[in-house]
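Colleague: here you go, sequence then predicted model.
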Amino acid sequence: MNFSNFILDNGKRISRDHFIHLVKIAKLDGKITDSEFKILHREGKKFGLTDPEVDELINTEDPYSYHPPYSLEDKFFELYNITEMILSDGIVTEDEKKMIKRYAIAAGIPDEFVDGLCQILLTGVKNGKREEELLNEFKKKYVSKLKRKS
């Protein structure tokens, strides 16, 4: 991935590919609901995209592959956004749960931690918890175990 795929927003590096993944999640059940559409536009603005650019990315069928970020924090924040998108319509299908798991595994989260991570995300986002709070919860439960394995 080249640097033009990244947008800087308040010092936070955000990947254009991540926004494409949010669009894919929104389209997973075959339609984009109004709440998903609003989230896409809200997140797009965070990424520095205009409404027409967001609409173009929503309507574009690009064969993007997933390029996960390097740091645990960035991986977690992407998964948080994916979970937020999935929960936006109030219905979580099995396919959507599988999608979170696939992205977690593709991001390099060890298999034995994926179910726990998904539970933290689904429950936490549903209850309105902030990204940082859920990341800390995940770190307390799993990162210490990961370090002991190394």
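Modeller: Happy to help now that I have it. Residues are numbered from 1 along each chain as shown.
Colleague: and His41, how far from Asp55?
Modeller: 8 Å (C-beta to C-beta, to the nearest Å). For every residue, glycine as well, the C-beta is placed using N, CA and C.
Colleague: actually Gly90, not the one I typed
Modeller: Using C-beta to C-beta, Gly90 is found at 24 Å from Asp55.
Colleague: out of these two, which sits in the more crowded spot?
Modeller: Asp55 (15 against 8; other C-beta atoms under 10 Å).
Colleague: what is the mean pLDDT for the helix or strand hosting that one?
Modeller: Assigned by DSSP states H and E, Asp55 belongs to helix 51-59. For helix 51-59, mean pLDDT is 86.
Colleague: show me where pLDDT drops low in this structure?
Modeller: Residues of the chain meeting the criterion pLDDT under 70: 1-16, 29, 61-66, 145-150.
Colleague: the helices in it, which residues?
Modeller: Taking DSSP state H as the test, the helices found in the chain are 16-27, 34-46, 51-59, 72-87, 94-106, 111-126, 131-138, 144-149.
Colleague: show residues contacting the second one.
Modeller: Among residues not part of helix 34-46, those counted as contacts by C-beta atoms under 8 Å, 6 or more residues apart in numbering are 9, 14, 19, 22-23, 26, 32, 50-51, 53-54, 57-58, 81, 84-85, 88-89.
Colleague: which of the residues you listed count as buried?
Modeller: 14, 19, 22-23, 26, 32, 54, 57-58, 81, 84-85, 88-89 (16 or more other C-beta atoms under 10 Å).
Colleague: any chance of those in a markdown table, with distance to Glu133 too?
Modeller: Output for the buried ones among the contacts of helix 34-46, formatted as a markdown table (distance: C-beta to C-beta, whole Å):
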| residue | distance to Glu133 |
| --- | --- |
| Ile14 | 20 |
| Phe19 | 24 |
| Leu22 | 21 |
| Val23 | 26 |
| Ala26 | 25 |
| Ile32 | 28 |
| Val54 | 28 |
| Leu57 | 29 |
| Ile58 | 30 |
| Asn81 | 15 |
| Glu84 | 14 |
| Met85 | 19 |
| Ser88 | 19 |
| Asp89 | 23 |
